[in-house]
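Engineer: For reference, the sequence and a predicted model appear below.
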Protein chains: 2
Amino acid sequence: MANTREHLMAATKELLWERGYEATSPRAILEKSGAGQGSFYHHFSSKAALAAAALQEAADDMRVNLEPVLHSDAPALQRIRNYLTMPREELRGCRIGRMTHEPIIVQDETLRDPIEAYFSYAEQELATVLAEAQREGTLSESINVDDLAATLLATVQGGYVLARGFQDPERMHQAIRGVLTLIDAIEQKKEV
Amino acid sequence: MANTREHLMAATKELLWERGYEATSPRAILEKSGAGQGSFYHHFSSKAALAAAALQEAADDMRVNLEPVLHSDAPALQRIRNYLTMPREELRGCRIGRMTHEPIIVQDETLRDPIEAYFSYAEQELATVLAEAQREGTLSESINVDDLAATLLATVQGGYVLARGFQDPERMHQAIRGVLTLIDAIEQKKEV
DNA sequence: GTCTATATCGAGATAGAC
DNA sequence: GTCTATCTCGATATAGAC
């Protein structure tokens, strides 16, 4: 197989999402990917190395999903709403955010890097769109866009936590609706 | 030791907070608690049974922290602000929320129960205080208090995720500031 | 680049003495 | 109630042949 490496990566991405890092064993990766023992340690020096590569890919996937939503030709504040309401796998949790509570991930530079980079990217992008909304006149200039961007990200991340805690996707939607209501309430109507 | 059981519980609460369920081994619990093998399985039938008891206690602790903040004699909306800004161990994460991403926790009724119960309690309490704010005239009646309560909880939970992802407590504060700003913006000034 | 065999260690629990 | 000994299994690799 020329693409054994890809198979290993794909299996690892799935397993990390489902079980996290510690609970994902090389054995499980081999079974899911169909690769053999030898292939694993031929392509990657360790479980950590494979996981780091898989996390990087997962973060890239998420960027690819986010990009069109925040850069459509809709008005800025509408793009923010679109971000908040974009389809999500509520019960599976966030592939990136779910890793943050494993000490081993947070302590290992290589493993934490893709996570921090993704969050950083997402906050930046959101803040940029919020700043556009200010220029368009729909968002008050008095709002700190970096803070609000963090709030939006946090609401989504926390929404996943609630959905999983209750085992009910609706709990995430509820949190999202709440923040949408706040945004509606502060939206400045443009002169006509 | 008459209170070996308590020592086991206390050690487990700490370890669950720090490492989560799967990564917490009976061995580690014994070392931290100072108890011996025999005591563990004398007092608890399994690791899961001990963890369930420990999670229940942790949730109770959190209730005890929350209660005075939401039931002080401050105006309702101020109590909400106090909730959002109460001191937290940002980098340690939420003792309850951090568990939600472990499949084994979510699948086991006994383990998920204390988590769901705590979230349910917190949402209820927040919603009640928000409804008081509506009666006091500082919060618009058009706001759905259940949705907003979910948003507040989610912001805090997501704030933990961000703080851990960046390994920076400030990231949580940022998210909190953002939602405080929104609340300030929608607050209805009472007639004087 | 992939395979099978082997090694070491800790997890999670049981057994039976004290 | 607590102790020490023991058991079984899976995690995470390494070794060396093909």
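Structural biologist: Ah, there it is. Because the structure is predicted, anything quoted here is derived from the model rather than measured. Residues are numbered from 1 along each chain as shown, chains lettered A, B, ... in the order given.

Engineer: near DNA strand D, which residues of chain A?
Structural biologist: Neighbours of DNA strand D within chain A, by C-beta under 7 Å from any atom of the strand: A:22, A:24-28, A:37-38, A:41, A:46-48. No exception for glycine: its C-beta is placed from N, CA and C like everyone else's.

Engineer: May I ask which of the residues you listed has the most neighbours?
Structural biologist: When neighbours are taken as other C-beta atoms under 10 Å in any protein chain shown, the top entry among those is A:Thr24 (22 neighbours).

Engineer: What separation do you get for A:Glu22 and A:Ala122?
Structural biologist: 25 Å (C-beta to C-beta, to the nearest Å).

Engineer: That should have said A:Ile115, apologies.
Structural biologist: Remark: distance between A:Ile115 and A:Ala122 (C-beta to C-beta) = 11 Å.

Engineer: higher neighbour count, the two?
Structural biologist: Neighbour comparison, A:Ile115 and A:Ala122: the larger count goes to A:Ile115, with 26 against 23 (by other C-beta under 10 Å).

Engineer: check which helix or strand covers the more buried one.
Structural biologist: helix A:109-136 (DSSP states H and E).

Engineer: likewise A:Asp60?
Structural biologist: helix A:47-70.

Engineer: between the next helix-or-strand element following that helix and helix A:109-136, how many degrees?
Structural biologist: Next helix or strand after helix A:47-70 toward the C-terminus (DSSP H and E): helix A:76-85. Inter-element angle recorded for helix A:76-85 and helix A:109-136: 140 degrees (by axes from the mean of the first three to the mean of the last three C-alpha atoms, to 10 degrees).

Engineer: what's the following helix or strand after helix A:76-85?
Structural biologist: By DSSP H and E, the next helix or strand past helix A:76-85 is helix A:103-107.

Engineer: For that following helix, buried residues please.
Structural biologist: By neighbour count with 16 or more other C-beta atoms under 10 Å in any protein chain shown, helix A:103-107 contains the buried residues A:104-106.

Engineer: same for it, what does it pack against?
Structural biologist: Counting by 3 or more C-beta pairs under 8 Å, 6 or more residues apart in numbering or on different chains; DSSP states H and E, the packing neighbours recorded for helix A:103-107 are helix A:109-136.

Engineer: Send me the helix or strand that the helix it packs on is followed by as CSV with only the CA atoms.
Structural biologist: Proceeding N to C from helix A:109-136, the next assigned helix or strand is helix A:145-166, under DSSP H and E. C-alpha atoms of helix A:145-166 as CSV (Å, rounded to 0.1, in the frame of the first residue of the first chain):
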residue,chain,number,x,y,z
VAL,A,145,-13.8,42.8,19.1
ASP,A,146,-11.1,40.6,20.5
ASP,A,147,-13.1,40.0,23.7
LEU,A,148,-16.2,39.3,21.7
ALA,A,149,-14.4,37.0,19.4
ALA,A,150,-13.2,35.0,22.4
THR,A,151,-16.8,34.9,23.8
LEU,A,152,-18.1,33.5,20.5
LEU,A,153,-15.5,30.8,20.4
ALA,A,154,-16.1,30.0,24.1
THR,A,155,-19.8,29.7,23.6
VAL,A,156,-19.3,27.2,20.9
GLN,A,157,-16.7,25.2,22.9
GLY,A,158,-18.9,25.4,26.0
GLY,A,159,-21.9,24.4,23.8
TYR,A,160,-20.1,21.2,23.0
VAL,A,161,-19.4,20.6,26.7
LEU,A,162,-23.0,21.0,27.6
ALA,A,163,-24.3,18.9,24.7
ARG,A,164,-22.0,16.1,25.8
GLY,A,165,-22.8,16.5,29.5
PHE,A,166,-26.5,16.2,28.8
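
Engineer: What's the mean pLDDT across helix A:145-166?
Structural biologist: Computed over helix A:145-166, the mean pLDDT rounds to 99.

Engineer: Specify the angle between that helix and helix A:109-136 in degrees.
Structural biologist: Using the same axes, to 10 degrees: helix A:145-166 against helix A:109-136 is 120 degrees.

Engineer: A:Gln56 is in contact with A:Ile115, isn't it?
Structural biologist: No - using C-beta atoms under 8 Å, A:Gln56 is not in contact with A:Ile115, being 9.8 Å away.

Engineer: Does the helix or strand harbouring A:Ala175 reach chain B?
Structural biologist: Using DSSP H and E, A:Ala175 sits within helix A:169-186. Yes - under the criterion of C-beta under 8 Å from any C-beta of the partner chain, helix A:169-186 makes contact with chain B via A:171-172, A:174-179, A:181-183, A:185-186.

Engineer: can you redo those as TSV with pLDDT and neighbour count?
Structural biologist: As requested, the residues of helix A:169-186 next to chain B are arranged in TSV below (pLDDT from 0 to 100; neighbours: other C-beta atoms under 10 Å in any protein chain shown):
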residue	pLDDT	neighbour count
A:Arg171	98	26
A:Met172	98	25
A:Gln174	98	24
A:Ala175	99	32
A:Ile176	99	24
A:Arg177	98	19
A:Gly178	98	27
A:Val179	98	29
A:Thr181	98	18
A:Leu182	98	24
A:Ile183	98	19
A:Ala185	96	13
A:Ile186	97	18
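
Engineer: Grab the two from these that are most spread out in space.
Structural biologist: Maximum pairwise distance among the residues of helix A:169-186 next to chain B (C-beta to C-beta): 24.1 Å, between A:Arg171 and A:Ile186.
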